[in-house]
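[1] Kindly generate the corresponding structure for this input.
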Amino acid sequence: MKKHIALSAIAVALLGSLSLQAAEDLSSMFSEGKTSGQIREFSIARYTNYNNEAAKTDIDQISHALGGHLKFETADFKGLSFGTAFYTTNRIGGLSKKNSDGTEGPNNTVLGWDANGYSILGEAYLQYKIGKTTFKGGRQKMNTPLIGADDARMIPNLFTSYNLSNTDLAGLQFTLNHTTEMAQGTFSNAYGLGGSIIGATAGYRAVPGEGPGDFSNYGTYAVGESTAGITSVSVTYTGIEGLKAQLWDYYSHDILNSVYGDISYKMKMDSVTPFVAAQFIKQNSVGDKLLKNASFSDTGEVDSMYYGIKAGASIASFTAYVAYSETGANSDADVAKDGNAKNAIILMSGGYPIYTQGMVTRHMTFAGSKAMKLAASYSFKKMGPDVKAVAYYVNVDLDKNNGYTSFDETQEKGFDIIYNTDFVKNLQLRLRGNYVTDWSGSSTADGRDWSEYRFIANYNF
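    Below you'll find the predicted structure:
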């Protein structure tokens, strides 16, 4: 690890003063390139309690990781540029607590599946710009509604994709994308090695497989069979001040088609800034319906609908909102014929744009879920320190045919404190906590509750 830090420091010292600009020839593309990156320290501690006294096991999971990424982008030469980025996470050894039964219980959501560190060449792309049209192809980080980095721990989800975007028409952006591979990030470990509906509806794989690591064919990763990947198109409109409307179609070959829509409006007034938003996801199975490879889908059939609404307002440094979402329910006949995935929202490529999601809870996309979220934040920046404090509460009503838990309700509350320091430029410190009740339960494990705390330090350069 010390070697990685030393190499990063040398790279920053040599290249950090160079600026990104139009290069005069091919050789100057590299000499005038730009180095950037982030050093991240992440500490996480989760204290879990199983409430069934007959099979009670209290588990403490504590881990500390140090890593981040180092990125180099060449200068632009006649519209052409290249970029590459190296990502790493490294376990700080000897600092993982042992469980009550004496076995070690590290929280591997900041590490590899084996609770050790790993590294990956996460970005290696070519980019070409001509006028208001941009092409970007190769390994890259993506943040779209249903294909997303989900950078919630140490290493984000990364993708091999080919993107074309155009903004020639005022207020409109059009995109065409084809994604062939995915390298799941460390957060995917929250859902084990796959195979349960909780992972497939929360952004990750539907079948058992390997943990975080290198890139693999998207279909192999998601459903256990190679596919052509995901083809998506979108249009986004921002031609009216305060208004943003977007429509996306994601065609996951031989799995399902997902249509995502979102519209939001923010009105600027003298002392109050109200805002409203609405979203939907409509899914249907396509082609060979390869979701049938999952244990929770007998036929691969999906015919689901989700919608969410949100309304709130900002007054000076204070912001608050309320959100509600609902997913169509499975009938007993749906479960008997097709399985619990029939009316669930299947999200297996990292994106989770749901308004009502908690810091950890993503039950909102089970079939038959009805969720509500209250959130408020306050910025202390006008008083001096650049500190923002957030508090929230989430409640999810669960249908009996959700396919994951026998509980009819899950709750989560939490806080998030973000401090952009003034004593070290570009250093952000963050303290987060969440408290969950009735996450899951069955006849043999009568409920799982926990409290979790995270400390994160991000230094950007």
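
[2] Every contact and neighbour count from this point should use C-alpha atoms.
    OK.

[3] Now do the same contact list for the residue nearest to residue 256 when sequence neighbours are not counted.
    Using Cα to Cα, 6 or more residues apart in numbering and skipping residues adjacent in sequence, the residue nearest residue 256 is residue 285, 3.9 Å away. Shown in contact with residue 285 (Cα atoms under 8 Å, 6 or more residues apart in numbering): 254, 255, 256, 257, 300, 301, 302, 303.

[4] any idea of the pLDDT on residue 285?
    At residue 285 the predicted local confidence, pLDDT, stands at 98.

[5] What's the separation between it and residue 181?
    When Cα to Cα, to the nearest Å is applied, the distance between residue 285 and residue 181 equals 20 Å.

[6] Tell me which residues touch the residue positioned nearest the centre of the chain, please.
    Taking Cα atoms, centre = their mean as the criterion, residue 150 is the residue nearest the geometric centre of the chain, at 1.8 Å. For residue 150, the set of contacting residues under the criterion of Cα under 8 Å, 6+ apart consists of 156, 157, 185, 187, 350, 351, 352.

[7] Assign it to helix, strand or coil.
    For residue 150, the reduced secondary structure class is coil; criterion used: DSSP: H, G, I helix; E, B strand; the rest coil.

[8] Equivalent analysis for residue 221, please.
    helix.

[9] Tell me how many other residues crowd it.
    Here the number of neighbours of residue 221 (other Cα atoms under 10 Å) works out to 27.

[10] That one and residue 182 touch, don't they?
    Yes. Using Cα atoms under 8 Å, residue 221 makes contact with residue 182 at a distance of 7.5 Å.

[11] where does the stretch 351-461 of the chain dip in pLDDT?
    Screening the stretch 351-461 of the chain residue by residue with the criterion pLDDT under 70, one finds the ranges 441-446.

[12] so what's residue 57 scoring on pLDDT?
    Looking at residue 57, the pLDDT reads 55.

[13] Help me confirm that residue 129 comes into contact with residue 80.
    Yes. Contact between residue 129 and residue 80 holds when scored by Cα under 8 Å: they sit 6.6 Å apart.

[14] Quick check: which ranges of this structure have low pLDDT?
    1-23, 51-59, 94-105, 441-446.

[15] Which parts of the stretch 1-150 of the chain are strands?
    Taking DSSP state E, counting those that start in this stretch, the strands of the stretch 1-150 of the chain run over residues 34-50, 58-73, 80-91, 118-130, 133-140.

[16] Span of stretch 73-80 from start to end?
    Start and end residues of stretch 73-80 are separated by 11 Å (Cα to Cα).

[17] Outside of that stretch itself, list whatever touches it.
    The set of residues that contact stretch 73-80 without belonging to it, under Cα under 8 Å, 6+ apart, is 20-26, 28-35, 81-84, 126-130.

[18] Work out the gap between it and the centre of the chain.
    The gap between where stretch 73-80 is centred and where its chain is centred comes out at 30 Å by Cα atoms, centre = their mean, to the nearest Å.

[19] Next: stretch 79-90.
    Per Cα atoms, centre = their mean, the displacement of stretch 79-90 from the mean C-alpha position of its chain is 19 Å.

[20] Would you mark the buried spots in that stretch?
    80, 81, 82, 83, 84, 85, 86, 87, 88, 89, 90 (16 or more other Cα atoms under 10 Å).

[21] tell me which residues form a beta bridge with the third one?
    So the one you mean is residue 82. Listed beta-bridge partners, residue 82: residue 126 (assigned using DSSP bridges).

[22] about what we covered before: which among the strands of the stretch 1-150 of the chain is found nearest to residue 327?
    Nearest to residue 327 among the strands of the stretch 1-150 of the chain is strand 34-50 (28.0 Å), distances taken as Cα to Cα.

[23] Break down this structure into its helices, ranges please.
    Assigned helices in the chain, in chain order: 2-15, 26-31, 197-200, 218-223, 332-337 (criterion: DSSP state H).

[24] Quick check, residue 111 in contact with residue 90.
    Yes. Using Cα under 8 Å, residue 111 makes contact with residue 90 at a distance of 7.1 Å.

[25] any shared contact partners between the two?
    Shared contacts of residue 111 and residue 90, defined by Cα under 8 Å, 6+ apart, are found at 65, 117, 118.
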